[in-house]
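Participant: model the structure of this input:
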Amino acid sequence: MTYNRIDRNTVPEGIYLYEIRDNDEGKPVLLRNNVDIGFSGSILINEPQDVSALGMWIDGGLGFTGQRCSLAKYMRENPVQAQTEGPQMGGLSQ
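Facilitator: Below is the predicted model:
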């Protein structure tokens, strides 16, 4: 996760970009394709999420470890899998 916006044109194929919206207390509450108000950060993951037009509620947090990791290192450690028929939840809770 980064607290910055990421240019979608720079995201490698097989990596999915989502934005995080926070609530009034600054707690991440919603994962969306695009956040205009309440932007908290961007997240890159290697599995598509079932994010509707309204977003996907984050229940119980995102499980961040606090460790720093470059995209190149993440891709080496988490190779992009072949595309499946549809979005998978990838461990994030709704």
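Participant: so which elements touch the helix or strand bottoming out on mean pLDDT in the chain?
Facilitator: Least confident helix or strand of the chain, by mean pLDDT, DSSP states H and E, is strand 56-57 with a mean of 82. Applying 3 or more CB pairs under 8 Å, 6 or more residues apart in numbering; DSSP states H and E, one finds that strand 56-57 makes contact with strand 28-32. Using the backbone N, CA and C atoms, a C-beta is placed for each residue, glycine as well.
Participant: in the strand it packs on, what's buried?
Facilitator: Buried residues in strand 28-32, counted by 16 or more other CB atoms under 10 Å: 28-32.
Participant: next helix or strand past the least confident helix or strand of the chain?
Facilitator: Using DSSP states H and E, the helix or strand that follows strand 56-57 in sequence is helix 71-77.
Participant: list of residues touching that following helix?
Facilitator: Helix 71-77 is contacted from outside by 12, 15, 44, 46, using CB atoms under 8 Å, 6 or more residues apart in numbering.
Participant: make a ChimeraX selection of the buried ones in those residues.
Facilitator: Buried residues among the contacts of helix 71-77 (16+ other CB under 10 Å), as a ChimeraX selection:
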select :44
